[in-house]
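[1] Quick one, structure for this:
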Amino acid sequence: MSMATQILAAREAVTDHEQKRLALGYLQEAWAEAHHDGIEGDCLAQTALFLALAELISTYGEEPTARYADSLAPRIRNGEFSVDLSRQ
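    As a prediction, this is how the structure comes out:
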């Protein structure tokens, strides 16, 4: 088995939950760095939402992404995203 194949197999073995945890860590680091450089949180949030929606549209299409976005309002109102984010 080549090294590239071994790396690919190892990546595939990482669970979806673990990938999300790792992705969150990367994004938190980038967020903290941008904030440290003077980028306001509101600007970061709007840009992150834009990029996230663009990626979802690229992956799943406009209509499934719109349905997903429609499902966010009740979740926001229920406090699902009201977490205390640590600031570095």
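
[2] quick one, phi/psi of residue 78?
    Backbone torsions for residue 78, taken as degrees, to the nearest 10, come to phi -80, psi 0.

[3] now it: how far from residue 59?
    Between residue 78 and residue 59 the computed distance is 26 Å (Cβ to Cβ, to the nearest Å). From N, CA and C alone the C-beta is placed, and that goes for glycine too.

[4] for residue 72, same thing?
    Counting by Cβ to Cβ - residue 72 and residue 59 are separated by 17 Å.

[5] what about these two, which has more around it?
    residue 72 (12 against 9; other Cβ atoms under 10 Å).

[6] since we're on residue 84, how many residues are nearby?
    5.

[7] Could you check how far it is from residue 13?
    33 Å.

[8] same thing with residue 42?
    38 Å.

[9] just residue 74 next, same as before
    35 Å.

[10] Where does the prediction get shaky in this structure?
    1, 4-12, 85-88 (pLDDT under 70).

[11] where do the helices sit along it?
    In the chain, the segments counted as helices under DSSP state H are 3-13, 16-36, 41-60, 62-70, 72-77.

[12] Report the buried residues of the longest one.
    Right, the one you point to is helix 16-36. 31, 34 (16 or more other Cβ atoms under 10 Å).

[13] ditto for the third one
    Applying a neighbour-count criterion of 16+ other Cβ under 10 Å, one finds residue 56 buried in helix 41-60.

[14] what's it in contact with?
    Contact with helix 41-60 is made by 27, 31, 34, 35, 64, 65, 68, 69, as judged by Cβ atoms under 8 Å, 6 or more residues apart in numbering.
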